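**Student:** No sequence on hand, only this structure:
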């Protein structure tokens, strides 16, 4: 979306135009989701962050300094909210209550997990699974960058820079290095399964 169009939509949405608000959400939802999911939040937390970002825009839509840069504003807000939620979800609460300890998820070596592992090993892993597995082996920074860059519609480099807190000039070279690592990971997987 052209910055002028984005600025017009923000101004119209601030004036109460529901159609403009709907177009903003449709145009930038992919960007917000990709930033949010890039922080590896679970589905519920990612949905909460997504809603919070749009709530923040609704609260501040009339006060955004550069309405034509709303994508950058949304990406930055999504990054901040994702970090806030990620930090909060990593807190550990110690307890000696056995009923709480027993209610957790099955362990890594549970019979259910062993069965799932053996079934997975027996299945022929399709290309999409190989890609996700290879992506998961990349650094967190590469995973975030590649997820944000694949948002629909594609974000501008300014929006990517705001979402990830990196200089615009380093996005292209970093992307190239990350894709090269991904290609090597995939080539390694193919040679292991052949």
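**Tutor:** Nice, thanks for sending it over. Because the structure is predicted, anything quoted here is derived from the model rather than measured. Numbering: from 1, shown residues only.

**Student:** any idea how far the residue positioned nearest the centre of the chain lies from residue 176?
**Tutor:** By Cα atoms, centre = their mean, the chain has its centre lying nearest to residue 37, at 2.3 Å. Counting by Cβ to Cβ, to the nearest Å, the separation of residue 37 from residue 176 is 22 Å. For the C-beta atoms, the positions are set from N, CA and C on the backbone; glycine is no exception.

**Student:** any idea how the chain splits into domains?
**Tutor:** 3-89, 111-193 (automatic domain parsing).

**Student:** Would you mind listing the buried residues in the helix or strand containing residue 12?
**Tutor:** Residue 12 is part of helix 3-14, with elements assigned from DSSP states H and E. By 16 or more other Cβ atoms under 10 Å, the buried positions in helix 3-14 come out as 3, 6, 7, 8, 9, 10, 11, 12, 13, 14.

**Student:** Counting by contacts, list what that helix packs against.
**Tutor:** helix 18-37, helix 70-89 (3 or more Cβ pairs under 8 Å, 6 or more residues apart in numbering; DSSP states H and E).

**Student:** In terms of secondary structure, what does the first one contact?
**Tutor:** The elements that helix 18-37 packs onto, with contact taken as 3+ Cβ pairs under 8 Å, 6+ apart, are helix 3-14, helix 43-60, helix 70-89, helix 140-149, helix 157-164.

**Student:** Then the last one?
**Tutor:** If contacts are counted by 3+ Cβ pairs under 8 Å, 6+ apart, helix 70-89 sits against helix 3-14, helix 18-37, helix 43-60, helix 157-164.
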